[in-house]
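> structural data only, the sequence is not supplied:
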């Protein structure tokens, strides 16, 4: 296999984020258009220069045939239909007016690299079909591992189609790992002498991998061990234990336990605390109860960046609990679902990828005019990111905070020997990471996969290092923008609209990540159903549901906080809006508006203090329209003093 | 939700395939370049026209900052590195000289639609993030279903990232379906009175779906049923039965049984016959033995287009066996893995999507100058395609015979009610197919997914209908090209090279689909190891392994036929090349060259009879170089008469 050509050295830093995006007004259009034209030209000439003396398969005369021009005309017509539909219904994620899902403009370099690659059409399932982009995916995998603080000599990573698939792959690894020691005990009992069933189900992941190393020295016996493990014998009926997740987990974890034959009944949602992070007291209790009942823990999942609240689980605390459990012989796989927040770790890494002390981090942020309020990131957030390297695997999505187009997920593994438990290649393959790209499809969940996406992520990582001065500049601006937005809203806890007073409260005043959740209520309204109707209507008016997005002044998203998931935690928000706990007990859900601030254009308010004011007046205008709509039941009480709510 | 705008009517047919591709010499470059430029321009102006009075986030002065130009310079440098790597290592799939994997040039309209869409960056996980491309994915799913002859009122389909994921999803459905009646029996026994365990495990798929309809009327009880099924309780240890696949199946089926917790031990490879199709006598025996042992069949999988030989299983015969089994109370899920051959069904459909009789099909083919040898497609192939509509679900990959870029797989389901068994939405959602796109991620395996790919497949299907005159024109040319290639090689059963005679034999003289497998042997060589070394070396010289592909005159692929998979079937080929069966028994594998003829440029030899001659002389030249290489052990015996092989 050819050696990877060297990549030229990286430019001086920090990266100038303005030159990364096409821009809200297509500010960088000349650069972008010229680059696209040049990339297409390069491809065309590549074709023409491959055996240039081969005759064309048709010439200009045929191209004038009516059947030929009919196809051209139809192609143009379809492309116009396509762009017409896209333009009339797409969300203008590029705009500073979009503060909804975790979407924004995507990196020019990613788009250009994907456009450059599409016509070469590499398939990263195997090196043979994608020499260049397979090498790039290997580099990206190493980037992910380095970002998480993993040992490059032992770790590995790759691109997936999205974080759900990454989560499935992680749980597949965890499940087969959990079942392995018992299978060894059945086939090669001499390797696990003196270990009872409980000990076999509670072996530490590193110990299982050492056992795997021993078992694979005898190929015939090793095949029998695999056949006796989950891989061969099936997943059973819960005997491998429970999967512990925060109640706030993404629903892909429910799907994962179903898909993998573990069963959703074996997924244990651990309650969240007032910060919407996994409640570690509850986690300790759950583990204690399971151990008392002699039920193993198959895996513990921490979330770095919940998709609804942007909450970051206390990973350091989870690490401590794992160490405590280990001391009493209880071990399990530890995965972090950082699909959303994973790239955030770049902010904490210096140029040599060392995790920076809090003081140093804060000094560099303030030096760049970011996070100027001084207290952010909190010690808890810093500690959580620091502790991520203790996980056995991490999900991370380039199509979220990596600012690359869909669909690009990722996963990184602390110790690549574990691939021997899910692979359809010989186990020795994993001794050399360069071998893995030769037949990637045989060591991961997916089969055929896009090399185009690998090129997009690779080019993004090479332009913007996964360090403070690279991606950290984007993340820092995104987080700072969210803080600034939260602070603006805090100064507007009461808005006078159409003779009524509208209360505005944030779910959390100082969010862990870049999501700001908020809710409105008309002062005096004590009916949670009405408050939910009001916030639903506000969402409708700032979303695709109310007509063409292109006409919207501001666009946001929403979410439901449901008692089945969050218990009594949202009561705090509801009460701050003047609604009694009894109403929560009656209704059991609260609708909140949800703004993810991803783009870098509004950090610290500058240069757009007026933009903030404009958001507020847009919101106020819509509230006024809603509250003055005849007969709408989300109005709450009529203006105070005229027709009070009974 | 807005209604889907109408698509203009389709052009007159048959489609002119020359206008579909950029072309081996970039013949259509002017059209392509102009379209790209126009699409980028459209996007740029869409941005500029969204609130045009918003101030730009930076201006020309900032764009001259050294930090800004440094990013631009670095972006250019990276794109040049990328295209340099792509150009030096990519396989020239567009060329008529490429006859290897199932790859060729991809459709211009697919590439253009994807380039048009990338900057809008839709995410088809939910309608809200992708109004236009979610509608397109719904249309594409309906296309898949109609292609398979499914009832539009009951069926459904969607795009996946690739055929492996489609296969996982199908087996997920099959597994949860199999477990459902027992779960009903546990929770709502009155619904399945008088049915014993065996009957519950042998309920026909349609009957299970009717049972699902009954069960879901009581929401609380229905949730308990799901919790008692595989979804909630786990996959168990093989109690749901065996998954029957042809021995020739793709390895994603091994991965599928592992991933889904069914266990690879419960995958039963049924031997293939001399046509490399599932041996139906063997299938009957397997089913008889399982029934005798009271072991259920979880699912039967037929393959339409094996990836190694292009073999098409006798789907009509499998349908008959399913009907026979039903008569004795044995029922199971039936899936067809047509990742490769699925689009082939378009050839058999007239303009109204009716499956054409053999005579009509042949008349239309001959009228278009295709398949002029007269006997193809064989009655077996015609029958297999006809019978595909009897399957419960079908995997079909646009990125194979759909001629669209990676990664684009697909799946279609005969009865969408089955989604209730894997979904994380309320079951009533499936009563209206338009609802499914609202939260696609909650009813399929994947989560976030590319709307760009949906646009590419949609535009391709709208330009080229899934009928004889649309995709059939591509498939017909591809198959005809393969036949022509096979016939050429048959006329060259012996080639004189460097004083030796080299034998050439095809794996099958009349392949079912568009793959031609062949092997060479030096006359007089009776050593299978040497013959394998010769064919491996021929492959190396026509692949990336021997240096830059750009210098290759011809490019092919290879595969191994291994005794563990194929039993004694390959003995026929080996013997035709002058090697005794005892050698097969000793070595147990034979290396064959594998040429998939996908591009439409060489159908019926015209207009390139000389191209065929050129392939032959390229092969002959390489054989000469190989056979005259000093000391190489794949040479076989020295020239006959001088130093005969002992």
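Alright, I've got the coordinates. No experiment lies behind these values; they were computed from the predicted model shown.
> for chain B, give me its nearest residue in the stretch 501-646 of chain A.
Residue nearest to chain B within the stretch 501-646 of chain A: residue A:601 (4.7 Å; C-beta to the nearest C-beta). All C-beta atoms are positioned from the backbone trio N, CA, C, and that covers glycine.
> wait, what's in contact with that residue?
Counting by C-beta atoms under 8 Å, 6 or more residues apart in numbering or on different chains, residue A:601 touches A:24, A:96, A:481, A:608, B:57.
> could you confirm it falls within a strand?
No: with DSSP: H, G, I helix; E, B strand; the rest coil as the criterion, residue A:601 is assigned helix and is not in a strand.
> for residue A:20, see how far away it is.
11 Å (C-beta to C-beta, to the nearest Å).
> gap between residue A:407 and residue B:123?
8 Å.
> next: residue A:272.
For residue A:272, the distance to residue B:123 - C-beta to C-beta - is 26 Å.
> higher neighbour count, the two?
Taking other C-beta atoms under 10 Å in any protein chain shown, residue A:272 and residue B:123 do not tie; residue B:123 has more neighbours (28 against 24).
> pretty sure the more buried one contacts residue B:131?
No: contact criterion C-beta atoms under 8 Å: residue B:123 and residue B:131 do not qualify, at 11.2 Å.
> contacting residues for residue A:453?
Per C-beta under 8 Å, 6+ apart, neighbours of residue A:453: A:114, A:159, A:404, A:407, A:408, B:407.
> can you tell me how far the first one is from chain B?
So that's residue A:114. Taking C-beta to the nearest C-beta, to the nearest Å as the criterion, residue A:114 is separated from chain B by 6 Å.
> tell me the SS of that residue?
Taking three-state DSSP, the label given to residue A:114 is helix.
> give the burial count for it, as a bare number.
26.
> can you read off the backbone torsions of residue A:401?
The phi and psi values for residue A:401, taken as degrees, to the nearest 10, are phi -80, psi 10.
> spatially nearest residue to the residue in the stretch 351-500 of chain A positioned nearest to chain B (excluding sequence neighbours)?
Of all residues in the stretch 351-500 of chain A, residue A:447 sits closest to chain B, at 3.2 Å by C-beta to the nearest C-beta. Of all residues not flanking residue A:447 in the chain, residue B:164 sits nearest, at 3.2 Å (C-beta to C-beta, 6 or more residues apart in numbering or on different chains).
> looks like that neighbour contacts residue A:444 (just checking).
No: in this structure, residue B:164 is not within contact of residue A:444 by C-beta under 8 Å, at 9.7 Å.
> hmm, residue A:110 is touching residue A:399, no?
No: in this structure, residue A:110 is not within contact of residue A:399 by C-beta under 8 Å, at 9.5 Å.
> which neighbours do those two share?
residue A:405.
> residue of chain A with the smallest distance to chain B?
residue A:261 (1.7 Å).
> quick check: chain neighbours aside, which residue is closest to that residue?
Per C-beta to C-beta, 6+ apart, closest to residue A:261 is residue B:261, 1.7 Å.
> what of residue A:521?
residue A:577 (4.1 Å).
> could you chop chain A up by domain?
A:17-47+A:55-124, A:141-463, A:477-627 (automatic domain parsing).
> could the ones you listed go into CSV alongside distance to residue B:62?
Shown next, in CSV, are the domains of chain A (distance: least, C-beta to C-beta, whole Å):
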stretch, distance to residue B:62
domain A:17-47+A:55-124, 6
domain A:141-463, 15
domain A:477-627, 10
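> relative to residue B:105, which of the ones you listed is closest?
domain A:17-47+A:55-124 (8.7 Å; C-beta to C-beta).
> got the end-to-end distance for that closest one?
One end of domain A:17-47+A:55-124 to the other measures 30 Å (C-alpha to C-alpha, to the nearest Å).
> for that domain, give the mean pLDDT please.
Here domain A:17-47+A:55-124 scores 95 as its mean pLDDT.
> before we move on, the earlier item: common neighbours of residue A:407 and residue B:123, please.
Common neighbours of residue A:407 and residue B:123 (C-beta under 8 Å, 6+ apart) are A:399, B:448, B:449, B:450.
> which of those are buried, as a ChimeraX select command?
Burial among these is assessed by 16 or more other C-beta atoms under 10 Å in any protein chain shown; the matching ChimeraX selection reads:
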select /A:399 /B:448,449,450
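> now, the most widely separated pair of the shared contacts of residue A:407 and residue B:123?
A:399 and B:449 (10.0 Å).
> what touches both of the two?
Joint contacts of residue A:399 and residue B:449 (C-beta under 8 Å, 6+ apart) are A:162, A:406, A:407, B:123.
> now for these: which two are most distant?
Once C-beta to C-beta is applied, the shared contacts of residue A:399 and residue B:449 give A:162 and B:123 as the farthest pair, at 9.0 Å.
> intersection of neighbour lists for the two?
Common contact partners of residue A:162 and residue B:123 (C-beta under 8 Å, 6+ apart): A:399, A:406, A:407, B:448, B:449.
> name the SS class of the closest residue to residue A:383 other than its chain neighbours, please.
Using C-beta to C-beta, 6+ apart and skipping residues adjacent in sequence, the residue nearest residue A:383 is residue A:316, 4.0 Å away. Recorded secondary structure, residue A:316: helix (three-state DSSP).
> I'd assumed residue A:578 was in contact with residue A:526.
Yes: Residue A:526 lies in contact with residue A:578 (C-beta under 8 Å); the separation is 6.6 Å.
> element containing residue A:363?
helix A:358-367 (DSSP states H and E).
> for the helix or strand that that helix is followed by, what is the average pLDDT?
Where DSSP H and E defines the elements, the next helix or strand beyond helix A:358-367 is helix A:379-386. Averaging pLDDT along helix A:379-386 gives 97.
> can you name every helix or strand that helix A:379-386 contacts?
Judged by 3 or more C-beta pairs under 8 Å, 6 or more residues apart in numbering or on different chains; DSSP states H and E, helix A:379-386 is in contact with helix A:315-327, helix A:358-367.
> quick one, which of those helices is packed in tightest?
When the helices and strands packed on helix A:379-386 are scored by mean count of other C-beta atoms under 10 Å in any protein chain shown, the highest mean neighbour count falls to helix A:315-327 (a mean of 17).
> angle of it against helix A:379-386?
60 degrees (axes from the mean of the first three to the mean of the last three C-alpha atoms, to 10 degrees).
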